[in-house]
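Novice: quick one, structure for this:
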Amino acid sequence: MSYWSKWIRCAAVRAVKTMAQTAVATIGAAAVLSEVNWPVVVSASALAGALSLLTSVAGLPEVEK
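Specialist: Down below sits the predicted model:
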């Protein structure tokens with residue numbers, strides 16, 4: 001497996017985990033499930049995923065050069 005394909009896979013896994021954690025935290029802030037502001041959950045999770053990918057540019061310990 002090439003360096004870049006491994007980097008993309010590892011960065012994507014981190015981004016998906018970050019998005020899931022953000023969604024859980026955002027949903028958990030609502031008192032009841034019917035009060036969840038779903039557009040906010042989706043946008044916050046997408047932003048967290050994008051920021052995770054940008055942070056991964058600095059380097060991933062899972063990927064050796």
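Novice: remind me which helix or strand Met19 belongs to.
Specialist: With elements taken from DSSP states H and E, the one containing Met19 is helix 3-28.
Novice: report the inter-axis angle for the helix or strand following that helix versus helix 3-28.
Specialist: Counting by DSSP H and E, the next helix or strand C-terminal to helix 3-28 is helix 38-56. Here helix 38-56 points in a direction 150 degrees away from that of helix 3-28 (axes from the mean of the first three to the mean of the last three C-alpha atoms, to 10 degrees).
Novice: now what about helix 38-56, what contacts it?
Specialist: Helix 38-56 has contacts (C-beta atoms under 8 Å, 6 or more residues apart in numbering) with 7, 10-12, 14-16, 18-23, 26-27. C-beta here means a position set from N, CA and C on the backbone, and glycine is covered the same way.
Novice: could you redo the last one with a cut-off of 10 Å?
Specialist: Helix 38-56 has contacts (C-beta atoms under 10 Å, 6 or more residues apart in numbering) with 7-8, 10-27, 29-30, 37, 62-63.
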